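pasting a predicted model and its sequence here:
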Amino acid sequence: MQEEIPMSSSDIILKGIPKSEHIAKWRRLFPPEMLNPPEIDVSSRKRKWLDLPYTTNPQGPKLDIYLPESTEGPYPVIVYIHGGGWFLGHKRVAYMEPLFYMLEHGYALVSIDYTLSDQAEFPTQIYEIKTAIRFLRQHAEIYNLQAHRIAVLGDSAGGHLAALAGTSGATGALEDLSLGWPQQSSKVQAVVDWFGPTNLAAMQQQLQDLNLPSWDSMACTMEDLFIGADLSQEPEKAKPADPATYLTPEAPPFMIQHGDKDTVVPCQQSISFAQKLEEAIGKDKVIFEILPGAVHEDPRFYAQENLDKVIKFLDQYLK
């Protein structure tokens, strides 16, 4: 059932300024390599399907599927959701390359695009991600996947969307079944959240508490762009986008990792969310780890040693 949450509007005013002007300002601030992040070369991957539309709109967002090359399926699935403040990035962003290590451990890797916040506000993005999960279940036999064993993994904004898919999927909330495959479930069996925001209204105060350089009071934040509201004045509008809003005992197991030197998404976001998760689903189903000295998008998250931890967690619930 589709939620009664406002969809995108082209004339949104944030802090007295049209959203389009905030977007233009952010585009001037970001260096070219962030606006157009390098793309990974996947030409050597033999077992793959690229640019598959996953909604009923053939021109809509697409996903890529990669399968292990040395074993037979069907395979449990890891769905990767890229970060970038809901504003940047794409499904073949170069820093995801270490995730292909998952293929060596018998997992299919699926990477998805979603509509960025310069084109649409929440809840468009989560509707799309959950449609992608339904698409994978609908077409599991075609792509040699195990429909009942799907996990989501995301970094930063992708971590937020992965967490939100996990908690809302367990309750049936935040669904737009008109996007496709309504007969399928969007529930996932596990979530890996790397340094994702989970309480959007609290973000800016937590960043101020870190004594960072002062923020332009007239500037729109990434969270504001994503929600389509000035959250400093209307914090309640962030609640439908917070994963904790949908927490129930039926939520899937979570692995959360965050660096204590993160000055983009404060570590307190994950600390608070992990505590709520433990209360809802039990400490035995929550792994929470703070990486000492790690910054935002720290290479340590993508190192093989850490990926082995992630695989060990996923193996418990997907194999």
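Perfect, I can see it now.

helix or strand for residue 146, which one?
In this structure, residue 146 sits in strand 145-155 according to DSSP states H and E.

next, the angle strand 145-155 makes with the helix or strand that that strand is followed by.
Next along the chain after strand 145-155, taking DSSP H and E as the criterion, comes helix 157-169. Per axes from the mean of the first three to the mean of the last three Cα atoms, to 10 degrees, the angle that helix 157-169 makes with strand 145-155 is 130 degrees.

for helix 157-169, the distance to its chain's centre please.
6 Å (Cα atoms, centre = their mean, to the nearest Å).

stretch 66-74 too?
Per Cα atoms, centre = their mean, the centroid offset for stretch 66-74 relative to its chain is 25 Å.

end-to-end on that stretch?
Start and end residues of stretch 66-74 are separated by 12 Å (Cα to Cα, to the nearest Å).

buried sites along it?
Within stretch 66-74, the residues scored as buried using 16 or more other Cβ atoms under 10 Å are 66, 67, 68. All C-beta atoms are positioned from the backbone trio N, CA, C, and that covers glycine.

now flag whichever of those is closest to residue 142.
Closest approach between these and residue 142, by Cβ to Cβ: residue 67, at 11.9 Å.

surely the closest one and residue 144 touch.
Yes: using Cβ atoms under 8 Å, residue 67 makes contact with residue 144 at a distance of 6.1 Å.

any shared contact partners between the two?
73, 75, 108 (Cβ atoms under 8 Å, 6 or more residues apart in numbering).

tell me how far residue 246 lies from residue 91.
Distance of residue 246 to residue 91, given as Cβ to Cβ, to the nearest Å: 25 Å.

mind jotting down where the helices sit in this structure?
For the chain, applying DSSP state H gives helices covering 19-29, 32-35, 124-138, 157-169, 203-209, 222-227, 267-281, 304-318.

JSON lines for the ones you listed, including mean pLDDT?
Output for the helices of the chain, formatted as JSON lines (pLDDT from 0 to 100):
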{"stretch": "helix 19-29", "mean pLDDT": "89"}
{"stretch": "helix 32-35", "mean pLDDT": "88"}
{"stretch": "helix 124-138", "mean pLDDT": "98"}
{"stretch": "helix 157-169", "mean pLDDT": "98"}
{"stretch": "helix 203-209", "mean pLDDT": "82"}
{"stretch": "helix 222-227", "mean pLDDT": "95"}
{"stretch": "helix 267-281", "mean pLDDT": "98"}
{"stretch": "helix 304-318", "mean pLDDT": "98"}
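
winner for burial among those helices?
helix 157-169 (a mean of 29; mean count of other Cβ atoms under 10 Å).

hmm, residue 136 is touching residue 145, no?
Yes: counting by Cβ under 8 Å, residue 136 does reach residue 145; the two are 6.0 Å apart.

hey, what's in contact with both of the two?
Counting by Cβ under 8 Å, 6+ apart, the residues touching both residue 136 and residue 145 are residue 77.

mind exporting the C-alpha coordinates of the helix or strand of the chain with the lowest mean pLDDT to PDB?
Ranked by mean pLDDT, DSSP states H and E, the weakest helix or strand in the chain is helix 203-209, scoring a mean of 82. The C-alpha trace of helix 203-209 is given here as PDB (Å, rounded to 0.1, in the frame of the first residue of the first chain):
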ATOM      1  CA  MET A 203      22.200  15.400  12.300                       C
ATOM      2  CA  GLN A 204      23.000  19.100  12.200                       C
ATOM      3  CA  GLN A 205      23.000  19.600  16.000                       C
ATOM      4  CA  GLN A 206      25.300  16.500  16.400                       C
ATOM      5  CA  LEU A 207      27.700  18.000  13.800                       C
ATOM      6  CA  GLN A 208      27.700  21.300  15.600                       C
ATOM      7  CA  ASP A 209      28.500  19.400  18.800                       C
END
